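Student: Quick one, structure for this:
(one chain, ligands or ions: 1)
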Amino acid sequence: MKVIDAICATSLEVKRKQIRFDENSGLITEVGDLKVPRDQVDFYYDDSCLLFAGMGDVHIHAREDVSGKNNYKEDFLSALAAMKNGGVTHAGDMPNNPIPPIDNASYEAKFHLGSKAHRCLWFYAGIGPNTRPLSYAVPYKVYMGPSIGELYFKDLKTLDETLSHYRGQHVSFHCEDPEILEAHTKEATHPERRPVEAETVATRDALMLIEKYNLKGKLCHYSSDEGLKLIREARSRGVNVSIEVTPQHLYFDLEHLEPDRMKAFQMNPPIRHQKDREALKAALKNGEIQFLATDHAPHTSEEKEKGTSGLTGLDTYAGFVTWLLAEGFSPELIAKVTAENPGDFHNQFMESWKNLSSDYASFGLGLGYLKPGFRANFTVLNLHSPQLITTEQLKTKVHHSPFVGVTFPGRLMNLFIQGKKI
Ligand code: DOR
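Tutor: Numbers count the residues shown, from 1 in each chain. Predicted structure coming up:
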């Protein structure tokens with residue numbers, strides 16, 4: 001048994017507590033005022049630190065699949081190294097692979113390949129034209145239009161027909177309308193080729209489909225102000241929809257990017273205007289956004305130079321969170337969007353994953369909470385230790401980040417995964 005003593009942040013309170021956990025089972029056994037004398041505490045953190053339940057990123061591209069074709073960009077172990085560097089204890093990997101996981105057999109092949117990342121990675125299944133659900137519950141991802149990879153829809157009719165088979169499932173949407181993208185291919189800049197209108201129209205359609213097929217919907221890497229109004233309206237009708245936002249959409253905007261560095265910031269959906277960034281910050285602050293998710297999407301520097309879309313984000317997750325805290329986002333809210341909501345999202349599929357692997361026997365009640373029975377995963381931040389991001393610090397295989405040159409107010413202090421200090 002080990003004991004940590006730290007100021008702990010949950011969605012309910014911020015308070016100094018002691019946490020006792022079992023290094024062997026990897027589970028938390030007791031939390032509260034345990035009265036363990038200071039000299040018998042194994043890990044003590046002073047008031048400059050905040051401890052959260054292990055943070056989770058529900059949207060990454062770890063690139064590895066059974067073909068191995070994209071392992072030069074990232075693989076499960078390099079993604080795991082970047083996660084650990086950024087204080088992320090678990091992450092959901094997207095299915096836009098050369099061999100996409102779209103049915104039981106292809107999903108299980110990727111799932112078993114992923115065991116090398118000690119189940120810190122979990123997997124979405126893809127939905128493409130005419131696919132059908134797996135025989136057990138998994139998170140699904142749908143690309144409403146072209147982005148990276150071949151798994152996407154070209155029109156609403158085919159998407160509607162396909163989703164009619166996925167009633168009640170958990171589906172995450174990349175919201176960019178294919179016809180609007182097609183109509184803008186000749187525009188001069190990336191943000192103009194993928195305008196806000198593409199996200200707004202796709203959002204309207206995604207909300208319609210979520211309602212029609214009673215889906216548990218999640219809208220990925222939300223980027224603009226416009227669609228937030230549609231989401232509010234749908235929620236008021238009882239539509240079940242959550243939202244992700246990325247660090248880069250909260251931090252950068254077109255008014256402040258240097259024009260000659262645009263390729264380094266190219267992603268789908270694009271970085272938008274200041275008014276969108278401010279609307280996203282406001283929506284995060286008032287509880288309308290459920291997940292801080294990076295969309296970590298590594299491509300080599302040569303590929304970026306040629307104009308390939310995708311930004312990395314795992315290495316800088318913890319540093320970015322210290323910026324949010326300095327911007328006045330409460331630790332309670334941060335606990336919700338970085339730990340508890342990602343934990344809840346993960347935990348609802350554990351029964352399926354348990355049936356695929358005995359590794360899940362050690363997961364207890366799951367991830368995301370500082371409570372007995374949950375996994376002893378902790379992300380400890382030092383809020384007052386400024387960190388200048390340099391390429392040398394990055395563990396992602398591609399060694400670049402949109403945050404290189406940025407100084408965050410704090411950094412990752414320590415990380416614990418399954419009761420082990422990393
Ligand atoms: O910019 C992006 N890159 N957006 C996506 O939707 C996919 C991602 C990737 O896989 O590189």
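
Student: okay, now the residue lying closest to residue 340 once chain neighbours are set aside: neighbour count?
Tutor: Among residues not flanking residue 340 along the chain, residue 368 sits closest, at 4.9 Å (C-beta to C-beta, 6 or more residues apart in numbering). C-beta: built from backbone N, CA, C; applies to glycine. With neighbours defined by other C-beta atoms under 10 Å, the count for residue 368 comes to 29.

Student: Pretty sure residue 368 sits in a helix.
Tutor: No: the secondary structure assignment for residue 368 gives coil rather than a helix, going by DSSP: H, G, I helix; E, B strand; the rest coil.

Student: who does residue 381 bridge with?
Tutor: residue 50, residue 412 (DSSP bridges).

Student: The residue nearest to residue 340 is in contact with residue 52, isn't it?
Tutor: No: counting by C-beta atoms under 8 Å, no contact exists between residue 368 and residue 52, whose distance comes to 9.6 Å.

Student: what do these two both touch?
Tutor: Taking C-beta atoms under 8 Å, 6 or more residues apart in numbering as the contact definition, residue 368 and residue 52 share the neighbouring residues residue 339.

Student: Which residues of the protein lie near the ligand?
Tutor: 61, 96, 147, 148, 174, 267, 268, 297, 309, 310 (C-beta under 6 Å from any ligand atom).

Student: which residues in the stretch 1-150 of the chain form helices?
Tutor: Along the stretch 1-150 of the chain, the stretches classed as helices by DSSP state H, counting those that start in this stretch are 76-85, 104-113.

Student: right, so those helices: which one is the most enclosed?
Tutor: Among those, helix 76-85 has the highest mean neighbour count (mean count of other C-beta atoms under 10 Å), at a mean of 23.

Student: Contacts for it, please.
Tutor: Where contact means C-beta under 8 Å, 6+ apart, the residues beyond helix 76-85 that reach it are 57, 60, 62-64, 74, 89-91, 93, 113-114, 116-118, 120-121, 296, 312, 314-315, 317, 393-397, 412, 415, 417, 422.

Student: next one: stretch 230-247
Tutor: Under the criterion C-beta under 8 Å, 6+ apart, residues 58-59, 172, 200, 203-204, 207, 210-211, 214-222, 280, 283-284, 288-295, 311, 313, 316-317, 320, 341, 403 lie in contact with stretch 230-247.

Student: Going by neighbour count, which residues of that stretch are buried?
Tutor: Buried positions in stretch 230-247, judged by neighbour count with 16 or more other C-beta atoms under 10 Å: 230, 231, 234, 239, 241, 242, 243, 244, 245, 246, 247.

Student: Can you select the buried ones from the contacts of helix 76-85 in ChimeraX?
Tutor: Buried subset of the contacts of helix 76-85, written as a ChimeraX selection, criterion 16+ other C-beta under 10 Å:
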select :57,60,62,63,64,74,89,90,91,93,113,114,117,120,121,296,312,314,315,317,393,394,395,396,397,412,415,417
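
Student: For whatever residue of the stretch 301-422 of the chain ends up closest to the ligand, which residues are in contact?
Tutor: Scanning the stretch 301-422 of the chain for proximity to the ligand using C-beta to the nearest ligand atom identifies residue 310 as nearest, at 3.0 Å. Contacts for residue 310 were tallied using C-beta under 8 Å, 6+ apart; they are 61, 148, 266, 267, 268, 295, 297, 298, 299.

Student: which residues of the stretch 301-422 of the chain fall in helices?
Tutor: Here the stretch 301-422 of the chain has its helices, by DSSP H, counting those that start in this stretch, at 301-305, 317-326, 331-335, 341-347, 350-356.

Student: next one: the stretch 151-300 of the chain
Tutor: Taking DSSP H, counting those that start in this stretch, the helices of the stretch 151-300 of the chain run over residues 156-163, 178-183, 190-193, 196-212, 226-236, 247-251, 274-285.

Student: I'd like those as TSV, with mean pLDDT appended.
Tutor: What follows is these, written out as TSV (pLDDT from 0 to 100):
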stretch	mean pLDDT
helix 156-163	96
helix 178-183	94
helix 190-193	94
helix 196-212	98
helix 226-236	96
helix 247-251	98
helix 274-285	98
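
Student: Residue 362: which of those helices is closest?
Tutor: Each of the helices of the stretch 151-300 of the chain was scored for nearness to residue 362 using C-beta to C-beta, and the closest is helix 247-251 (30.5 Å).

Student: and the nearest residue to residue 44 once chain neighbours are set aside, what does it touch?
Tutor: Ranked by C-beta to C-beta, 6+ apart and with sequence neighbours excluded, the top spatial neighbour of residue 44 is residue 5, at 4.8 Å. With contacts taken as C-beta under 8 Å, 6+ apart, residue 5 has the following neighbours: 16, 17, 18, 36, 38, 41, 43, 44, 45.

Student: Hmm, the fifth one is touching residue 44, no?
Tutor: It stands for residue 38. Yes: contact criterion C-beta under 8 Å: residue 38 and residue 44 qualify, at 6.6 Å.

Student: neighbour-wise, which of those two wins?
Tutor: Neighbours per residue, other C-beta under 10 Å: of residue 38 and residue 44, the larger number sits with residue 44, 13 against 7.

Student: Please tell me I have it right and that one contacts residue 3.
Tutor: No: using C-beta under 8 Å, residue 44 and residue 3 do not qualify as a contacting pair, with a distance of 9.1 Å.
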